[in-house]
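Trainee: Pasting a predicted model and its sequence here:
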Protein chains: 2
Amino acid sequence: MENKRTDCEAINIDIVEKVRPKMPEMNLLYELSDFFKVMGDGTRIQLLWALEESEMCVGDLAVLLNMTKSAVSHQLKVLRVAKLVRAEKKGKNVYYSLNDHHVKLILEKALEHVCE
Amino acid sequence: MENKRTDCEAINIDIVEKVRPKMPEMNLLYELSDFFKVMGDGTRIQLLWALEESEMCVGDLAVLLNMTKSAVSHQLKVLRVAKLVRAEKKGKNVYYSLNDHHVKLILEKALEHVCE
DNA sequence: TTGACAATTGAACAGTTGTTCAATTATAAT
DNA sequence: ATTATAATTGAACAACTGTTCAATTGTCAA
């Protein structure tokens, strides 16, 4: 079932077996780390931060972050796939806005952490 | 001062200039994204999750996660440098424990997010 | 329809990341 | 002292990531 990779025996089997049932399922685990992976990039944090203030189009975000439209668009796609932002076409422009109320809360908690 | 890299003009200068002063400092920005980068790995999430239940030594963590001691030790170092865990030597073993009460809160918020 | 602009896309590139492997340090037991 | 065990370390490797560049799509104005 589970292919072995560990190279040692347990030292406190009781602790290991007490903790084991509390561990998250693989599925949940990947979702969690994928979420943090998306947040773990300076450009994407800036984009989320900006969109928390106002919905904005790609060109304006590029000017604000001093990056190319292409680079911004690539990162917005990552945020879109992660369902953290949503896009709305208005004429020639595409306006992005936050799509998830949890993001603000998590950013605030993380801010408390790094600021202490 | 700021070297230009953007390839376009602002479309809504008013919005850009309204949002600009709300943007975080570079310094804070990097701390934030570095923090999320540390959380953005399945192995490290598992380690934090386990240590939330009980302090554990490297060998037991290796058995629990079914990984080599070396791989676990490398990741514990990342968590140690990020000050999320602390190490205490007891005889032949090194016991790790959580070092930051914010981590649990952030994990819980993130969990709410991915579970909705 | 033509030209200009906004945004997206895919390939390519360098830089980074996580695990493995082998060697090493440090402690405890004989 | 010697041996065994726990943990750390650094180099090497493949896999992944973010930006750039060039080409493309789609929309508006003339």
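Mentor: Yep, that arrived.
Trainee: three-state assignment of residue A:88?
Mentor: strand (DSSP: H, G, I helix; E, B strand; the rest coil).
Trainee: One more: residue A:77?
Mentor: helix.
Trainee: Against residue A:20, how distant is it?
Mentor: As judged by CB to CB, to the nearest Å, residue A:77 and residue A:20 stand 38 Å apart. Using the backbone N, CA and C atoms, a C-beta is placed for each residue, glycine as well.
Trainee: same thing with residue A:10?
Mentor: Here the criterion is CB to CB. By it, residue A:10 lies 10 Å from residue A:20.
Trainee: who has more neighbours, these two?
Mentor: residue A:10 (18 against 12; other CB atoms under 10 Å in any protein chain shown).
Trainee: average pLDDT across the strand or helix carrying residue A:110?
Mentor: Per DSSP states H and E: residue A:110 is located in helix A:101-115. Across helix A:101-115, the average pLDDT comes to 88.
Trainee: now check that helix, is it near chain B?
Mentor: Yes. Residues of helix A:101-115 contacting chain B under CB under 8 Å from any CB of the partner chain: A:102, A:103, A:105, A:106, A:107, A:109, A:110, A:111, A:112, A:113, A:114, A:115.
Trainee: ok, the third one - contacts?
Mentor: With contacts taken as CB atoms under 8 Å, 6 or more residues apart in numbering or on different chains, residue A:105 has the following neighbours: residue B:109.
Trainee: One more pass at 10 Å, please.
Mentor: B:105, B:106, B:109, B:110, B:112, B:113 (CB atoms under 10 Å, 6 or more residues apart in numbering or on different chains).
Trainee: Most widely separated two among those?
Mentor: Spatially, the most separated pair among the contacts of residue A:105 is B:105 and B:113, at 12.9 Å (CB to CB).
Trainee: Now list whatever residues contact both of those two.
Mentor: Joint contacts of residue B:105 and residue B:113 (CB under 10 Å, 6+ apart) are A:105, A:106.
Trainee: Buried ones among the contacts of residue A:105?
Mentor: B:105, B:106, B:109, B:110, B:113 (16 or more other CB atoms under 10 Å in any protein chain shown).
Trainee: can you list those in TSV and add distance to DNA strand D?
Mentor: Listed next are the buried ones among the contacts of residue A:105 as TSV, based on distance: CB to the nearest atom of the strand, whole Å:
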residue	distance to DNA strand D
B:105	24
B:106	19
B:109	21
B:110	17
B:113	18
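Trainee: So which of the residues you listed is the closest to chain A?
Mentor: When those are compared for distance to chain A (CB to the nearest CB), residue B:113 wins out at 4.0 Å.
Trainee: Name the nearest residue to the closest one, sequence neighbours excluded.
Mentor: residue A:102 (4.0 Å; CB to CB, 6 or more residues apart in numbering or on different chains).
Trainee: wait, isn't the one you found in contact with residue A:48?
Mentor: No. With contact defined as CB atoms under 10 Å, residue A:102 does not reach residue A:48; the gap is 11.4 Å.
Trainee: Quick one: distance of the lowest-mean-pLDDT helix or strand in chain A to the chain centre.
Mentor: Least confident helix or strand, chain A: helix A:101-115 with a mean of 88, by mean pLDDT, DSSP states H and E. Here helix A:101-115 is found 12 Å from its chain centre; the criterion is CA atoms, centre = their mean, to the nearest Å.
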